[in-house]
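> structure for the following, please:
(one chain, ligands or ions: 1)
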Amino acid sequence: MKVTALDVHDVRFPTSRRLDGSDAMNPDPDYSAAYVVLHTDTGAEGHGFCFTIGRGTELCAAAIEAYAPLIVGRELDPADLGEFARRLTHDSHMRWLGPEKGVVHMAAAALINAAFDLAGRVAGKPVWRLLADLPPEQVVDLVDWRYLTDALRPDEALDLLRTARDGRAEREAALLATGYPAYATTPGWLGYTDDKLVRLSREAVAEGFTQIKLKVGSDLDDDIRRMRLAREAVGPDIRIAIDANQRWDVEQAIAWVRALEPYDPWWIEEPTSPDDVLGHAAIRTGVRPVRVATGEHVANRVIFKQMLQADAIDFLQLDACRVSGVTENVAILLLAAKYGVPVCPHAGGVGLCEVVQHLSMFDHLAVSGSTEDRAIEYVDHLHEHFTDPVRVRDGHYLVPDAPGMSAEIKAESRAEYAYPDGPVWRS
Ligand SMILES: [Mg+2]
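From the prediction side, this is the model:
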């Protein structure tokens, strides 16, 4: 099939008005999407987006448009999306602006995920199943192996994928019955009052979550008080992760986390710069037995490779839309499996829960083969704007069954929240 047009939308939700999503580095996010629809000559469509928090979404939208000469009027083979992805990420002009990081890479994510959404719709399968049904050789062909082979070679990846075939039918039956584990970030936004924190923490446990997360890093005395209140509210058996959103220097991170250790934090997330591989390794040593997690701002597979090679993280938090979409995330899942590090994807924002669940379910069926110590972040915001919203029950993501990647924002929501001319922004 041939791509006939790209439709690009700048969609912004005014979430800052209620401090939803507030943390130590991002006090007032307006959850937004640079959103693209791929149109084809068969009539089939693919939807994708990258997630942003307000100002600058127009840059991502412009970057998506800048890829159009590589896509519009050209063939798109749903059976060879590795080629499609490399066409974008290897383009020398666009690569100059990264390479493989920042606005151009996020724009590539929107387009590559849209291509997978399209492929799922054409095949009549949700993307988790589309990927899990691929022969191992085709999974390996999705990956851009450049810069990876000192840590993981294609033949090793093939072995991993073949080994993961054992027990797949049992895992799939369990996944379809109970879903994939989730944890709740909704209680812990930094801008919420103590009363709201306690109430939402109790509600999360009552809803079946066994892990919640608190934002930290603005004021140590506040964090000690909030952590104590949350621990009292949920008891000793619920995991409480903490998330500093890159606020600290290395020494400061170690001291701060040690001060919170009496309340038994499960992990410290993004303690420092996402580019600082050695800093993460030092923090990991310094805060034991508290674990270290990061990934939502890790730019690409190369930084993840180094994090794993340096023993810098206990949990890898890939993001569906920051690296270049499904293809690069397949590489990251394979790397994590080789190094035995559990993947607990970043989600929330707008639409990240919808798209990333497909990657974790694929991982469970075809790559790591495990849900042990794994959970997808869950935030209860903005799902009503999607045509195939996530369904969470008893602390688990239920398996999506609609064809595609659950990425489609309803046309009426795209119009209402269009920036700057939609009704929500004009009023
Ligand atoms: Mg985070």
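> can you show me the strands along the stretch 201-350 of the chain?
All strands of the stretch 201-350 of the chain, identified by DSSP state E, counting those that start in this stretch, fall at 211-215, 239-243, 265-269, 291-294, 315-316.
> roughly how far apart are residue 398 and residue 375?
14 Å (CB to CB, to the nearest Å). Yep, even glycine has a C-beta here, placed from its N, CA and C like the rest.
> how far away from the center of its chain is stretch 394-411?
Here the centre of stretch 394-411 is set off from its chain's centre by 14 Å, with CA atoms, centre = their mean, to the nearest Å.
> higher neighbour count, residue 398 and residue 375?
Shown here are residue 398 and residue 375; by other CB atoms under 10 Å, residue 375 has more neighbours (25 against 18).
> picking up where we left off before, and residue 43, which of the strands of the stretch 201-350 of the chain is closest to it?
Residue 43 sits nearest to strand 315-316 of all the strands of the stretch 201-350 of the chain, at 38.4 Å, using CB to CB.
> show me what the closest one is packed against.
strand 291-294, helix 301-309 (3 or more CB pairs under 8 Å, 6 or more residues apart in numbering; DSSP states H and E).
> which of these sits closest to residue 81?
helix 301-309 (16.3 Å).
> could you list the buried residues of that closest one?
301-308 (16 or more other CB atoms under 10 Å).
> do the same with stretch 328-348
Those would be 328-339, 341-348, for stretch 328-348 by 16+ other CB under 10 Å.
> that stretch: how far from the chain's middle?
With CA atoms, centre = their mean, you get 10 Å for stretch 328-348.
> using CSV, write out the CA atom coordinates for that stretch.
Output in CSV follows, covering the C-alpha atoms of stretch 328-348 (Å, rounded to 0.1, in the frame of the first residue of the first chain):
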residue,chain,number,x,y,z
GLU,A,328,13.4,0.7,19.2
ASN,A,329,11.4,-0.6,22.1
VAL,A,330,11.6,-4.1,20.8
ALA,A,331,15.4,-3.7,20.9
ILE,A,332,15.2,-2.3,24.5
LEU,A,333,13.0,-5.3,25.6
LEU,A,334,15.6,-7.7,24.2
LEU,A,335,18.4,-5.9,25.9
ALA,A,336,16.6,-5.9,29.2
ALA,A,337,15.8,-9.6,28.9
LYS,A,338,19.5,-10.4,28.2
TYR,A,339,20.6,-8.5,31.3
GLY,A,340,17.7,-9.9,33.4
VAL,A,341,16.4,-6.4,34.4
PRO,A,342,12.6,-6.2,34.7
VAL,A,343,10.8,-3.6,32.5
CYS,A,344,8.2,-1.5,34.2
PRO,A,345,7.1,0.9,31.5
HIS,A,346,6.4,4.6,32.0
ALA,A,347,2.8,5.5,31.3
GLY,A,348,0.2,8.1,32.2
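> so, low pLDDT: which residues of the protein?
Counting by pLDDT under 70, the chain shows no low-confidence range.
> roughly how far does the residue nearest to the spatial centre of the chain sit from residue 242?
The centre of the chain sits closest to residue 319, judged by CA atoms, centre = their mean, with a distance of 2.5 Å. Distance of residue 319 to residue 242, given as CB to CB: 19 Å.
> again with residue 40
Residue 40 sits at a distance of 45 Å from residue 242 (criterion: CB to CB).
> neighbour count for those two, which is higher?
Applying other CB under 10 Å to residue 40 and residue 242 shows that residue 242 carries more neighbours, namely 27 against 18.
> isn't that one right up against residue 268?
Yes - between residue 242 and residue 268 there is a contact under CB atoms under 8 Å: 5.6 Å.
> which residues do those two both contact?
Residues touching both residue 242 and residue 268 by CB atoms under 8 Å, 6 or more residues apart in numbering: residue 257.
> check the gap between the nearest residue to residue 77 once chain neighbours are set aside and residue 134 for me.
Excluding the flanking residues, the one nearest residue 77 by CB to CB, 6 or more residues apart in numbering is residue 83, at 6.9 Å. Distance, residue 83 to residue 134, by CB to CB: 15 Å.
> please consider this matter closed, and thank you.
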